[in-house]
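In: starting from these lines, generate the structure:
(2 chains)
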Number of protein chains: 2
Amino acid sequence: MNFNMKEAIELLERTPQTLECFLSGLTDGWLQCNEGEGTWNVSEVIEHLIDAEKNNWIPRLEIILQEGESKPFPPFDRNSHLNQRSESSIEQKLLEFKTIRALNITKLKVLIEAELQLELAGSHPEFGLVKVSELLSTWVVHDLTHIAQIVRVMAERYREDVGPWKEYLGILKK
Amino acid sequence: MNFNMKEAIELLERTPQTLECFLSGLTDGWLQCNEGEGTWNVSEVIEHLIDAEKNNWIPRLEIILQEGESKPFPPFDRNSHLNQRSESSIEQKLLEFKTIRALNITKLKVLIEAELQLELAGSHPEFGLVKVSELLSTWVVHDLTHIAQIVRVMAERYREDVGPWKEYLGILKK
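Out: Numbering: from 1, shown residues only, chains lettered A, B, ... in the order given. Next comes the predicted model:
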């Protein structure tokens, strides 16, 4: 297992300010573009990240620690943010993400006091038994997958504009 | 064409500080991991970005503006940074990238004074005729492709650790 708490937290605490550096103040051209019908724009990805902070990682960790394997997690709806149309600016969304993430990292540090707890298991509605270490590893990789999505969505906008260089740009391969 | 100078510069000027936010102070576990033999770690990606600032974007733009289609660009060796083993820290590399990028954006603003120049063409050693707008679009998408590479390399480290969630994490699909 490569997972360890200290290194995982290093990434979890960097994601919000990284996205703030990257996205604050960008024109709508970058923030509103997507990869076609049914795909998310950058702003919707941030809404999803906020949603997961509220309803996924820490709530599920608490269920494992309180209930063990006996009580399955409530399902997490990956599209729920699309039903709560938000009018707030990207800067407000990034601030909300940063705030709730900081709070959740504080909770994480309180909840996980010992290495042994990483082996505790809960019950995923679809996968069955899952371990705390798997949930926390997924939290980290979930950040990474959505950073990758954000840059991929933005790159798509210049797909034709790069001309023959398309061949060299891995991000446009799909 | 979606490309426009103002929006392109918005991204070009954000990349260095975004990577600084994300990578400064990380443990070697994150900075030294790669995707297997012959692949780059995070630190090597930053070296390559510095290399491209020195030898690719602005030098090629200057050749187009000075020589037009008559003189092919010198080829850019995407692996040259691997032959110049550097002992500097990630923070030093990020600072070097930030400094040379800021200088290059200043040069870009001086070199491109009019929209019309975007249509000028140069001669790529492999592709033949390429336009200034294609070169500059590629500069932007090249940033995005390497941000995507960085997060993909890091995610790889937890491929096994996420357990059954692998199925939901697009970044691990390959």
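In: could you check the angle the helix or strand harbouring A:S137 makes with helix B:132-156?
Out: Using DSSP states H and E, A:S137 sits in helix A:132-156. Interaxial angle of helix A:132-156 relative to helix B:132-156 (axes from the mean of the first three to the mean of the last three C-alpha atoms, to 10 degrees): 170 degrees.
In: for helix A:132-156, enumerate the helices and strands it packs against.
Out: Here helix A:132-156 touches helix A:5-23, helix A:42-55, helix A:57-67, strand A:121-124, helix B:132-156, going by 3 or more C-beta pairs under 8 Å, 6 or more residues apart in numbering or on different chains; DSSP states H and E. For the C-beta atoms, the positions are set from N, CA and C on the backbone; glycine is no exception.
In: for it, what is the average pLDDT?
Out: In this model, helix A:132-156 has a mean pLDDT of 98.
In: quick check: closest non-adjacent residue to the spatially most central residue of chain A.
Out: Chain A has A:D143 as the residue nearest its centroid, 3.9 Å off, counting by C-alpha atoms, centre = their mean. Spatial nearest neighbour of A:D143, chain neighbours left out: A:T15 (4.4 Å); criterion: C-beta to C-beta, 6 or more residues apart in numbering or on different chains.
In: contacting residues around that neighbour?
Out: Neighbouring residues of A:T15 by C-beta atoms under 8 Å, 6 or more residues apart in numbering or on different chains: A:49, A:101, A:143, A:147, B:22.
In: let's go with 10 Å and repeat that
Out: By C-beta atoms under 10 Å, 6 or more residues apart in numbering or on different chains, the residues touching A:T15 are A:49, A:97-98, A:101, A:139-140, A:142-144, A:146-147, B:21-22, B:151.
In: and what of A:G68?
Out: Counted by C-beta under 10 Å, 6+ apart, A:G68 has contacts A:120-123.
In: how far away is it from B:I50?
Out: Distance, A:G68 to B:I50, using C-beta to C-beta, to the nearest Å: 50 Å.
In: repeat for A:T39
Out: Applying C-beta to C-beta to A:T39 and B:I50 gives a distance of 33 Å.
In: and A:A102, that one's in a helix?
Out: Yes: counting by DSSP: H, G, I helix; E, B strand; the rest coil, A:A102 is found in a helix.
In: near it, how many other residues are there?
Out: Neighbours of A:A102 under the rule other C-beta atoms under 10 Å in any protein chain shown: 13.
In: with A:T145 instead?
Out: Applying other C-beta under 10 Å, I find that A:T145 has 19 neighbouring residues.
In: closest one of the contacts of A:T15 to A:L61?
Out: Comparing those against A:L61 with C-beta to C-beta places A:W139 closest, at 8.9 Å.
In: show me what contacts the closest one?
Out: A:8, A:11-12, A:15, A:52-53, A:56-58, A:60-61, A:104, A:108, B:158, B:162, B:165.
In: quick one: contacts for A:K166?
Out: Taking C-beta under 10 Å, 6+ apart, one finds A:158-160, A:172-173, B:134, B:137-138, B:141 in contact with A:K166.
In: can you redo these as CSV with distance to A:S86?
Out: Output for these, formatted as CSV (distance: C-beta to C-beta, whole Å):
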residue, distance to A:S86
A:Y158, 27
A:R159, 28
A:E160, 31
A:L172, 30
A:K173, 32
B:E134, 36
B:S137, 31
B:T138, 34
B:V141, 29
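In: and those, which are buried?
Out: Neighbour counting over the contacts of A:K166 (16 or more other C-beta atoms under 10 Å in any protein chain shown) leaves A:158-159, A:172, B:134, B:137-138, B:141 as the buried ones.
In: closest to B:W30 among these?
Out: B:V141 (24.5 Å).
In: contacts only, for that closest one.
Out: Neighbouring residues of B:V141 by C-beta under 10 Å, 6+ apart: A:151, A:154-159, A:161-162, A:165-166, A:168-172, B:8, B:11.
In: kindly recompute the last result at 8 Å.
Out: A:155, A:158, A:162, A:165, A:169, A:171-172.
In: any regions of chain A where pLDDT drops low?
Out: Scanning chain A for pLDDT under 70 picks out nothing.
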